[in-house]
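# 3D, please:
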Amino acid sequence: MSRFDRARRVPSHAVPRALQGGPAPAGAGWMVVAGAFLVTMVGYGAIYSYAAFAEDIAAEFGVGRGSVSLIYALSGGACFFVSAISGQIADRVGARPIAMAGMLAVGFGLLLAATASSLVEVYVGYGLLIGIGTGCGYVPAVASVQRWFVAHRGLASGLAVSGIGVGTVLVPPLAEWLGSHGTWRSGFVVFGAACAAVGVAGAALLRAPPGPPPAALPSTTPRDRLFRQAYLGTLLVSVPATLPHALLVATARDMGLTRHEAVALLGLVGLGTLAGRFLLAAVADLLGRRAVFLACCWGMALSMLPWAFAQDVAVLHGFALAFGALQGGFVALLPAFVADRFGARGLGGVLGLLYTSRGISLLAAPPVVGWAFVLLDGHAVPLLAVALLGLAGTLLLRATGRRAGEA
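Residues are numbered from 1 along each chain as shown. Now for the predicted structure:
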């Protein structure tokens, strides 16, 4: 059985029965990791399939790039905004029921979008419902993983969220293949059924560790100055973290790449995220989770520079792989960074509230930067501004400090 925090527990009568857990079989913690992997793969695979369908949706409804990018902004933003609620609910009733409901919402959202007669209906189905469903699964799942592990928290967190990378690698090319053998509507139907089945199976694997959860650090709460500082830092760092999934294909197309070549860049991002989530998360347990997490934030912000000045496809390939690895490390280690700093009890609520900052970035950054590309007739200047925002956010996270004895 994996190691988990046994220190400083509250009385069992003060903890909801759903969170107390019973005797756990050997390897139960790693089964929770597997469940979180499937939940994140389904939710973010659905969100990131947007790029493969964007041109077809724009053509059918006669709208421009900025209007279609709002689909991605809505799904990503809704995911993180609803996490403020889903995390608190999971702290009270357990991760499994709310994650199951979320995976069903993802499937239904795709089916609703498949029957849309207007772009607004696509916004509701492919944007809001998929985002809400993913948010109901993501934070409860990753918070469950943090509670099971201490010494290997970075690795476990990385494996759990590597489902996002797998979804990024597999779903866009699969979506493109389905589109070439039918329409985007038929592709949504297939995805909807698959997401519901696989996602619910993953959510069923989530469970609480035996006994009541560990107590939170009494000196750190979401009202603290350090939490507000971490919130703003996460918001700013999330600006560069969101953009390639929404706008890299469009900038590659502007450079003259074919649609297939442009969409393939997302596959490279996905491969990079897998490396980041496996390798960087494992290394973080040895070198220090805080140091490696901050290095990913620095690097992700600076990676906007080669994208801004890319002149050929080789530079874009290198950017996609490097950005993917750094973003993978950022996503994998952010829950561990928060758990190390603020404690494991009530982590779903703390993570959920913090992740609304990522929702603000996802909702605002893609359309604003996309329109800036058009207004400034290029993407170099907007991406330089994005890099500066990411660097400022990293400085704020660095100043958040560390808890005594954290990895």
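# so residue 109 sits against residue 135, correct?
No: the pair residue 109 / residue 135 is not scored as a contact, 11.9 Å apart, by CB atoms under 8 Å. (C-beta placed from N, C-alpha, C; glycine too.)
# the more surrounded of the two?
Set residue 109 next to residue 135 and count neighbours by other CB atoms under 10 Å: residue 135 wins out with 31 against 28.
# skipping adjacent residues, who's closest to that one in space?
Leaving aside its chain neighbours, residue 135 sits nearest to residue 82 (3.6 Å; criterion: CB to CB, 6 or more residues apart in numbering).
# could you do residue 167 as well?
Per CB to CB, 6+ apart, closest to residue 167 is residue 45, 2.8 Å.
# work out for me the element the one you found sits within.
helix 28-48 (DSSP states H and E).
# so where's the stretch 151-300 of the chain uncertain?
The model of the stretch 151-300 of the chain has pLDDT under 70 over residues 168-169, 171-172, 175-176, 178-182, 211-223.
# again, 90 this time
151-195, 207-228, 242-289 (pLDDT under 90).
# can you show me the helices along it?
153-180, 184-203, 225-254, 259-275, 281-287, 289-302 (DSSP state H, counting those that start in this stretch).
# between those helices, which one is nearest to residue 373?
Smallest distance to residue 373 across the helices of the stretch 151-300 of the chain (CB to CB): 7.2 Å, for helix 225-254.
# and the angle from the closest one to helix 289-302?
40 degrees (axes from the mean of the first three to the mean of the last three CA atoms, to 10 degrees).
# show me what helix 225-254 is packed against.
Applying 3 or more CB pairs under 8 Å, 6 or more residues apart in numbering; DSSP states H and E, we find helix 225-254 packed against helix 50-61, helix 65-93, helix 259-275, helix 289-302, helix 304-308, helix 313-342, helix 347-375, helix 380-399.
# mind running it again at 7 Å?
Other helices and strands packing on helix 225-254, by 3 or more CB pairs under 7 Å, 6 or more residues apart in numbering; DSSP states H and E, are helix 65-93, helix 259-275, helix 289-302, helix 313-342, helix 347-375, helix 380-399.
# now the fifth one: buried residues?
Going by neighbour count (16 or more other CB atoms under 10 Å), the buried part of helix 347-375 is 347-363, 365-367, 369-370, 372-373.
# just for the stretch 1-150 of the chain, where's the confidence low?
For the stretch 1-150 of the chain, the ranges with pLDDT under 90 are 1-30, 42-81, 83-84, 87-88, 90-94, 110, 113-123, 125-127, 139, 142-150.
# how many residues are close by residue 201?
Neighbours around residue 201, by other CB under 10 Å: 15.
# ok, now which ones touch it?
Contact analysis of residue 201 by CB atoms under 7 Å, 6 or more residues apart in numbering lists residue 38.
# so the residue nearest to residue 347 when sequence neighbours are not counted, which of the three states?
What sits nearest to residue 347 in space, not counting adjacent residues and going by CB to CB, 6+ apart, is residue 143, at 4.6 Å. In three-state terms, and counting by DSSP: H, G, I helix; E, B strand; the rest coil, residue 143 is helix.
# what's the distance between the residue lying closest to residue 366 once chain neighbours are set aside and residue 269?
The shortest distance from residue 366 to any non-neighbouring residue, by CB to CB, 6+ apart, is to residue 246 (3.8 Å). Using CB to CB, to the nearest Å, residue 246 is found at 12 Å from residue 269.
# residue 94: neighbour count?
22.
# residue 80 reaches residue 135, doesn't it?
Yes: Residue 80 lies in contact with residue 135 (CB atoms under 7 Å); the separation is 6.3 Å.
# per-residue confidence for residue 307?
For residue 307, the model assigns a pLDDT of 93.
# that one contacts residue 319, correct?
Yes: with contact defined as CB under 7 Å, residue 307 reaches residue 319; the gap is 4.9 Å.
# ok, these two, which is more surrounded?
Using other CB under 10 Å, the more surrounded residue of residue 307 and residue 319 is residue 307, with 26 against 23.
# not counting residues beside it along the chain, what's closest to residue 364?
residue 73 (7.4 Å).
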